[in-house]
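S.K.: Sequence and predicted structure below; questions after.
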Amino acid sequence: VLAPIVGQISVPALAGIMVAVSLDTMQFGPTFDAAKAAWADEEGSRIRFGVLVVTAVLCYQVDFAVGIVSGVLLDRAINPGGIFNQNKTPA
């Protein structure tokens, strides 16, 4: 029913909406904090910043879904209790 109306919206207008939404959802504070911590060489900060960079590149170059899933998996892998850091003693 709304398809003809939606079809009248220009591509630049849709792109502007997408940019506005992405800027509103991006957390600039934590991103800058991660960069500062990596620059200051705090413990584990370079690895966390590397995960952030890999996730951003994958989102931009490949696909948002691939980037997000990869970022979550990498984050879980490096954090305590993550998939690579579980205590493997038998119960």
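M.R.: Okay, I see it.
S.K.: Can you tell me the number of residues neighbouring Asp41?
M.R.: 8 (other CB atoms under 10 Å). (Glycine included, C-beta is placed from N, CA and C.)
S.K.: for it, phi and psi?
M.R.: phi 60, psi 40 (degrees, to the nearest 10).
S.K.: Enumerate every residue touching it.
M.R.: The contact partners of Asp41, by CB atoms under 8 Å, 6 or more residues apart in numbering, come to none.
S.K.: For the helix of greatest length in the chain, which residues meet the burial criterion?
M.R.: The helix that spans the most residues within the chain, counting by DSSP state H, is helix 45-61. Across helix 45-61, burial judged by 16 or more other CB atoms under 10 Å covers 45, 48-49, 51-52, 55, 58-59.
S.K.: of all these, which comes closest to Val66?
M.R.: Leu58 (5.5 Å; CB to CB).
S.K.: What separation do you get for the closest one and Met18?
M.R.: Relative to Met18, Leu58 is positioned 18 Å away (CB to CB, to the nearest Å).
S.K.: do the same with Pro12
M.R.: Distance from Pro12 to Met18, by CB to CB: 11 Å.
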